[in-house]
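Visitor: what follows is a predicted structure for the sequence shown.
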Amino acid sequence: MWRYLLPIGVFVVIVGFFYRGLYLNPGFVPSPLLGKPAPEYDLPRLKDLSQTVGSKDYEGQIALVNVWATWCIECRHEHPYLVELAGTGGVPIYGLNWKDDRALALDWLDTLGDPYEASAVDATGEVAIDWGVYAAPETFLVGRDGTVLYKHISPMTPAVWEREFLPRIAAECGGLPCAASAP
Amino acid sequence: MIPELGQFALGLALCLALVQATLPIAGAATGRRDWMALARPAAVGQFVFVALAFLVLANAFLNDDFSVLYVAYNSNSNLPAFYKFAAVWGGHEGSLLLWVTILATWTLIVSVGSRSLPEEFSARVLGVLGIVSFGLLLFTLLTSNPFDRLLTPIVDGNDLNPLLQDPAMVIHPPILYAGYVGLSVPFAFAVAALLSGQLSQDWARWTRPWTVSAWMFLTVGIALGSWWAYYELGWGGWWFWDPVENASFMPWLASTALIHSLAVTERRGLFKSWTILLAIIAFSLSLLGTFLVRSGVMISVHSFASDPARGVFILLLLTLVSGGAFTLYAVRAKHMVADGGFKLVSRESFLLLNNMLLVVALVVVLYGTLSPLFIDALGLGKISVGPPYFNSMFLVPMLPLVLLMGAGMHATWLGMSGETLARKLAIPAVGALVLGLLLPWVIFGSAGVLTVVGVVAGLWIIAASLFDPVRRLIRRDAARPLTRAQWGMTLAHVGIGMFVLGVTVSSSYSIETDRAAVPGDRWELAGYEIVFRGLRDVQGVNYAAIEGEFELRRDGTLVTVLTPQNRVYRVQSSPMTEAGIDARWYRDIFIALGQPLGDGVWSLRVQFKPLIRFIWFGALVMAFGGLLAATDPRYRSKRAESRVSSGGAVSAETG
């Protein structure tokens, strides 16, 4: 009569996972990439598919890598601030357009402004998996030597920028004049 | 003093729930009628005290009693009175009290409506409801007391979350909870049947109207939430596959399957143990939703501020209530064997397919919702499952389901020849196919494969549902009028067809444009001319807003003026988008004001959404079908008959 035992079996497994889940923080992703080299990639450019954009484009400099998509509501909330950040001419921002519709993405950048040096088209999500992307929007801070200095999940806000990003950027600059500042 | 009265009332309700949860079930097991007879008074008393606690909390909100912590967190003296009342369920503690209040209300209705049922059976049903209520009351009092006081009262409150300051949000939670919690009734009926070890076809007849009622509330509640997301979140989407949306959708899928398997159990005495299992699963998914929303294991825009102690408690409750029921099922279900088989082409076959496909859909949603948690718990990393997974995977069971639905309605119980069925279906099938192939081309000038499939499927369900009733009307066939339950089924299925049409047409032919505009700009959208007239400041009671004014013109004549707003609520200083929508049955024109881009330029989102109203209107038609089915006189007349006999027995005994 195993079939009558099946429901309770499935139930017990699910409850076991829930119990474990209570002690995990879904918002906290201890990125295994922190302090490690950022994964390399080379993908088509959103605005010109015949060209590519990738990790080589920001080799040797500090850069932000922002994961976005038009289906992501929170990305829309952070977008004006990204445009503002890009306007200060500080740290260059590279976009990773994640599993998105290209026409909508282009339309989005046309109307809301384009804060990105270039956006890479990650249609299959493979690069996002390499980068350990949990949910858009996510923003990575990549250092000059190509290591991941910090990762922020959820929209970028002035508070997060000042509290988490600016000190790390300043430390990376090592007292040298650093272009990044709060807008 | 008054808030303490509320807490005291909850304590008394807890005691009564303990009585209701223990003695009637023990009485049914040992045959003690005096213990069984305690179930109804305990249920009534519990309702009185829970309702009192609820009114006390509402009173604290309406009188701005900011000495109560929960009121201080979720209200403000400038909040309109309407929203002060809705703020009662604007946070975790109060919405839990709403949960308990609605459970007490269902229990009260069951205690009245079950008078005609066998004594042991209704004692067990009310006992099971008492167990659930006891657990939730204990949870409220131990971890989430809404009546906790602030030692030093504050002058003014923190205000209700601006997202919730909306008419649809006022009624969405109570209606959704009425559905969620209402599924506790078929659950209690199922557990009562397992406890007794017997399941008759009468059992299915008793359970059906309760299941359909809960399903009806769930349908309306989900539709309201979707409608709210559409105009309030600001960007014109109506379903996001968010974990909490899924948490309300999974019980809906399970209860839809349950309604159909109950039909087979009632009419043919088949699927007995399966029906019991579905009833347990449906309510377990409601509890699971409660766990997901309130424990912090998921990230969602809907979730409440979480606390690990609460998570552990709800998990324990889920384990005891659902785990207990599943264990009982494992022990007892083998006694609920079917009385016979059925033929290949029969109503039973179609309903079996319906159940299999709905369960596949349920597994798709359950897996997509929980897999980020599973993968994380296994230490395999963090993954996210987004709309691409759900949209494509969900179609796999849904497409055959909607195609089979039209045929299933025409199949007869016990079986028929495939030829007869095909002959019955030929006209609606050909009609749907021809119209579905033609209409998208005629109206919109182009059509993709999925669009045609969707339109044909939607028209097919509507045509197949209405074909027979309409033919009878035309022939004035008064000899075999449709029963109210049959009308209910017909309408519910028409609602599904409208929903399918709405989803297909709005997702295929919507025009969504983001544009940057300055006042004075005019442009074309789907044959309409839109004129951006200007902007002005608007002061609301508790918010300040910038309002855009847009004229919508067609062939030079003014259709309407749309006034989307960007609001900033003063207390929480959070921005909110109020879209301007011109809604007609056949299309919406939707304008949302974005951000200022400098030099008087504004980003706008302007959308043309054909047939989008069919999504929510279809859901309302489904729910109305549910209302008709749940109130079919068949359920009442049988009750009345048995009531006469049991009343006679009582008078004979007392006389």
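Guide: On my side now, so go ahead. Residues are numbered from 1 along each chain as shown, chains lettered A, B, ... in the order given.
Visitor: in the host helix or strand of residue B:621, which residues are buried?
Guide: In the assignment (DSSP states H and E), residue B:621 maps to helix B:613-630. For helix B:613-630, the neighbour count (16 or more other CB atoms under 10 Å in any protein chain shown) marks B:613-619, B:621-630 as buried. From N, CA and C alone the C-beta is placed, and that goes for glycine too.
Visitor: cool, and stretch B:39-54?
Guide: So stretch B:39-54, judged by 16+ other CB under 10 Å, has buried residues B:39-40, B:42-47, B:49-54.
Visitor: now, among the residues you listed, which is nearest to residue A:61?
Guide: residue B:54 (60.3 Å; CB to CB).
Visitor: I'd like the distance between the closest residue to that closest one other than its chain neighbours and chain A.
Guide: Closest residue in space to residue B:54, ignoring its immediate chain neighbours: residue B:101 at 4.6 Å, by CB to CB, 6 or more residues apart in numbering or on different chains. Distance of residue B:101 to chain A, given as CB to the nearest CB, to the nearest Å: 26 Å.
Visitor: okay, the strand or helix carrying residue B:101 in CSV with CA atoms only?
Guide: For residue B:101, the element it lies in under DSSP H and E is helix B:92-113. The C-alpha trace of helix B:92-113 is given here as CSV (Å, rounded to 0.1, in the frame of the first residue of the first chain):
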residue,chain,number,x,y,z
HIS,B,92,1.1,40.6,9.9
GLU,B,93,-0.7,40.6,13.3
GLY,B,94,-4.0,42.1,12.1
SER,B,95,-4.1,40.0,9.0
LEU,B,96,-3.6,36.9,11.1
LEU,B,97,-6.5,38.1,13.3
LEU,B,98,-8.5,38.5,10.0
TRP,B,99,-7.5,34.9,9.2
VAL,B,100,-8.8,33.6,12.5
THR,B,101,-12.0,35.7,12.3
ILE,B,102,-12.8,34.3,8.9
LEU,B,103,-12.1,30.8,10.1
ALA,B,104,-14.5,31.4,13.1
THR,B,105,-17.1,32.7,10.6
TRP,B,106,-16.8,29.6,8.4
THR,B,107,-17.0,27.4,11.4
LEU,B,108,-20.1,29.2,12.6
ILE,B,109,-21.8,28.7,9.2
VAL,B,110,-20.8,25.1,9.1
SER,B,111,-22.2,24.6,12.6
VAL,B,112,-25.5,25.9,11.4
GLY,B,113,-25.4,24.3,8.0
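Visitor: could I get the full set of helices for the stretch 551-655 of chain B?
Guide: B:613-630, B:633-654 (DSSP state H, counting those that start in this stretch).
Visitor: by mean pLDDT, show me the worst of the ones you listed.
Guide: Note on the helices of the stretch 551-655 of chain B: lowest mean pLDDT is at helix B:633-654, with a mean of 45.
Visitor: quick one, phi psi at the nearest residue to residue B:164 once chain neighbours are set aside?
Guide: Computed as CB to CB, 6+ apart, the closest residue to residue B:164 that is not its neighbour in sequence is residue B:90, at 5.3 Å. With angles defined as degrees, to the nearest 10, residue B:90 sits at phi -80, psi -10.
Visitor: ok, residue B:90 - contacts?
Guide: For residue B:90, the contact set (CB atoms under 8 Å, 6 or more residues apart in numbering or on different chains) comprises B:74-75, B:160-161, B:164.
Visitor: of all these, which comes closest to residue B:312?
Guide: residue B:74 (24.4 Å).
Visitor: surely the closest one meets residue B:91?
Guide: Yes - between residue B:74 and residue B:91 there is a contact under CB atoms under 8 Å: 4.7 Å.
Visitor: compare the two and say which is more crowded by neighbours.
Guide: Between residue B:74 and residue B:91, residue B:74 has the larger neighbour count (other CB atoms under 10 Å in any protein chain shown), namely 27 against 22.
Visitor: tell me where the model's unsure across chain B.
Guide: Low-confidence segments of chain B (pLDDT under 70): B:1, B:234-235, B:296, B:298-308, B:338-339, B:381-383, B:477-479, B:637-655.
Visitor: domains of it?
Guide: Following automatic domain parsing, one finds the domains of chain B at B:2-394, B:417-509+B:614-622, B:511-611.
Visitor: from the chain's centroid, how far away is the shortest one?
Guide: Domain B:511-611 has its C-alpha centroid displaced from the chain centroid by 31 Å (CA atoms, centre = their mean, to the nearest Å).
Visitor: for the first one, same thing?
Guide: Remark: domain B:2-394 is offset 10 Å from the chain centroid, using CA atoms, centre = their mean.
Visitor: count the neighbours of residue B:633 for me.
Guide: 11.
Visitor: on that earlier part again, JSON lines for the domains of chain B, including distance to residue A:3?
Guide: Shown next, in JSON lines, are these (distance: least, CB to CB, whole Å):
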{"stretch": "domain B:2-394", "distance to residue A:3": "9"}
{"stretch": "domain B:417-509+B:614-622", "distance to residue A:3": "30"}
{"stretch": "domain B:511-611", "distance to residue A:3": "44"}
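Visitor: just those domains: most buried one?
Guide: Greatest average neighbour count among those goes to domain B:2-394 (a mean of 21), per mean count of other CB atoms under 10 Å in any protein chain shown.
Visitor: could you point out which element follows the helix holding residue B:101?
Guide: helix B:119-143.
Visitor: touching chain A at all, that following helix?
Guide: No - figure legend: helix B:119-143 not in contact with chain A (CB under 8 Å from any CB of the partner chain); closest approach 13.5 Å.
Visitor: quick one: name whatever helix or strand follows that helix.
Guide: helix B:167-182.
Visitor: between the helix or strand following that next one and helix B:119-143, how many degrees?
Guide: Toward the C-terminal end, the helix or strand that comes next after helix B:167-182 (DSSP H and E) is helix B:184-196. Orientation check (axes from the mean of the first three to the mean of the last three CA atoms, to 10 degrees): helix B:184-196 against helix B:119-143 gives 120 degrees.
Visitor: helix B:184-196 packs against which elements?
Guide: Other helices and strands packing on helix B:184-196, by 3 or more CB pairs under 8 Å, 6 or more residues apart in numbering or on different chains; DSSP states H and E, are helix B:2-30, helix B:92-113, helix B:119-143, helix B:201-232, helix B:272-295, helix B:324-332.
Visitor: remind me what the helix or strand just after the last one packs against, helices and strands.
Guide: Using DSSP H and E, the helix or strand that directly follows helix B:324-332 along the chain is helix B:347-377. When contacts are defined as 3+ CB pairs under 8 Å, 6+ apart, helix B:347-377 sits against helix A:2-22, helix B:243-268, helix B:272-295, helix B:387-408.
Visitor: next, the buried residues of the first one.
Guide: Which is helix A:2-22. A:4, A:7-8, A:11, A:14-15, A:17-22.
Visitor: residue B:81: which of the helices and strands packed on helix B:184-196 is closest?
Guide: Nearest to residue B:81, of the helices and strands packed on helix B:184-196 and by CB to CB, is helix B:92-113 at 16.3 Å.
Visitor: got the contact list for residue B:11?
Guide: residue B:141.
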